[in-house]
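Trainee: Need coordinates for the below:
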Amino acid sequence: MHDSAVLAWFLFATQAVAQLVFIVRALLRPHREPASRFAWVLVIALAPVVGVLAYILFGEVNLGRRRIQRLRAAFDVLPPAGTVAGASAEESIPERLVPLFRVGQSINGYVPVAGNRATLLPDSAAAISAMVADIDAARESVHVLFYIWLADESGLKVVEALKRAAGRGVVCRAVADDLGSRALIRSPHWHDMASHGVRLVAALPIGNPLLRPFKGRIDMRNHRKIVVIDNAITYCGSQNCADAAFAVKAKFAPWVDVLARFEGPVVRQNQHLFASNWMAQSDEDLGHLFAEPLPAPGTGFVAQVIGSGAGVRYSAMPETFVTLMNAARNELVITTPYYVPDEPIQAALCASARRGVATTIVFPKRNDSWVVAAASRSYYRDLLEAGVEIREYVGGLLHAKTLTVDGEITLMGSANIDRRSFELNAENNILLHDEAFTRTMRARQQAFLGAATMVTTAQIEAYGRWRQLWNNTIAMLGPVL
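Mentor: As a prediction, this is how the structure comes out:
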């Protein structure tokens, strides 16, 4: 046999063995839906070289063993999550709503706590102004964590505020995701903050892209948006540290977000979540922050932080969304920019409408991800047939992640209803029970609805066979993408 024939047989055998190994690995991987197993088996079988390479890079939820160890070590050193914000206020929650907060508690250990107050900021610019004002008034500590932090007007306002605070002796710590905020981290502004005494961490550093798969998936990111000031004020919502014009994707602007300013015991829970992030990526122990006595309890609503990610238990966010959807009796309103659900979420949303709940979901009409846009629209027909009202926002990219239930429960934060938020990203949200705040959030949702067009079954039919085929194909690969 010629050498070339031997080489060909050797390459064929190597490829076949590699395919078999990775197909078996995909089938044996724990915490994976059957649809995801099937999708990966299909990709590896039909595109052997590309499929195996794709599986190595993106096939498994792998934050990296060392990172997981450091995160767990941080939680071991910090006070238990259930104790940082005072006693549980479960007894003050209506009995039918208690399970909602128990699901949240099962994720991080944060208990529902009473005595919280919040203000929903009117827009992105006002949110940045409020944040800067609080940083300028800080006396002890300022902690910020953003997935995307741009060197635009808003981003630099926060940079300058942190420099001013550090200059007057306030301890400032800032975390930015190494991918989402890469331009700022690699700019003079980042180094300038460090020279002024701001303590900095680049979350999940990319390093050498060729070696990155050995340390964990490159697309597993810290998607959180957390600000905590003086252990007394925190911000939570969908807004990154950037202008609404969002220069990196200006053609989709304005980015339309929600951000709320909170006071009360729930601040300590967000502080605990920030501290775990910080300690997982630095050698500084922040346990002393929780030695300060809690302020005397005041009036206010019950709230709870929900922080999901690869460092906590599997399926945290999907279970949260499904539980909230199943709890709705009269009305369920959701806004999300990205909708690539798992089967239980799609079923829960359809079931909500079928049992007579007024169920509405709002997406952006133009999405910055054509893949997600196609996948999302593949679910429209089933939602409409179940009675879900679908609207598409036309005033920019609706980036707000909000959910209200029956005019009394609100969930807001960084998590989208998509598989990235379910399996790959670290997210932070606040769940609260308060009619007054939920009424304010519901009015904001109504403003989004007023700037959105209704999606009808006739429009779906008008897509044509090729577009429907495209959307459904992309959705089928959702577990891979």
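Trainee: Can you classify the most centrally placed residue in the chain by secondary structure?
Mentor: Centroid check for the chain by Cα atoms, centre = their mean gives Ala415 as the closest residue, at 2.9 Å. State at Ala415, reduced to three classes by DSSP: H, G, I helix; E, B strand; the rest coil: coil.
Trainee: quick check: domain ranges of this structure?
Mentor: 3-58, 65-101+111-302, 316-476 (automatic domain parsing).
Trainee: okay if I get these as JSON lines plus distance to Ser308 and mean pLDDT?
Mentor: Where C-beta positions appear, they are placed from N, C-alpha and C, glycine not excepted. Converted to JSON lines, those look like this (distance: least, Cβ to Cβ, whole Å; pLDDT from 0 to 100):
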{"stretch": "domain 3-58", "distance to Ser308": "14", "mean pLDDT": "76"}
{"stretch": "domain 65-101+111-302", "distance to Ser308": "10", "mean pLDDT": "92"}
{"stretch": "domain 316-476", "distance to Ser308": "4", "mean pLDDT": "94"}
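Trainee: closest to Gly309 out of the ones you listed?
Mentor: Closest of those to Gly309 is domain 316-476, at 3.4 Å (criterion: Cβ to Cβ).
Trainee: Now distance to Gly309 too, for the domains of the chain, in CSV please.
Mentor: Shown next, in CSV, are these (distance: least, Cβ to Cβ, whole Å):
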stretch, distance to Gly309
domain 3-58, 14
domain 65-101+111-302, 8
domain 316-476, 3
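Trainee: quick one: which of the ones you listed is nearest Ala310?
Mentor: When these are compared (using Cβ to Cβ), the closest one is domain 65-101+111-302, at 6.2 Å.
Trainee: quick one, phi psi at the residue nearest to the centre of the chain?
Mentor: When quoted as degrees, to the nearest 10, the phi and psi of Ala415 stand at phi -80, psi 130.
Trainee: from memory it sits against Glu427, does it?
Mentor: Yes - the criterion here is Cβ atoms under 8 Å, and Ala415 meets it with Glu427 at 4.0 Å.
Trainee: so what's in contact with those two at the same time?
Mentor: His223, Ser308, Met317, Ser421 (Cβ atoms under 8 Å, 6 or more residues apart in numbering).
Trainee: Not counting sequence-adjacent ones, nearest residue to the first one?
Mentor: In other words, His223. Spatial nearest neighbour of His223, excluding adjacent residues (Cβ to Cβ, 6 or more residues apart in numbering): Asn425 at 3.8 Å.
Trainee: The one you found: neighbouring residues, count only.
Mentor: Other residues lying near Asn425 total 24 when counted by other Cβ atoms under 10 Å.
Trainee: for it, what are its contacts?
Mentor: Shown in contact with Asn425 (Cβ under 8 Å, 6+ apart): Met220, Arg221, Asn222, His223, Gly309, Ser414, Ala415.
Trainee: burial count for the spatially closest residue to the fifth one that is not a sequence neighbour?
Mentor: Spelled out, that is Gly309. Of all residues not flanking Gly309 in the chain, Ala426 sits nearest, at 3.4 Å (Cβ to Cβ, 6+ apart). The tally of other residues near Ala426 (other Cβ under 10 Å) stands at 28.
Trainee: Thanks a lot, see you next time.
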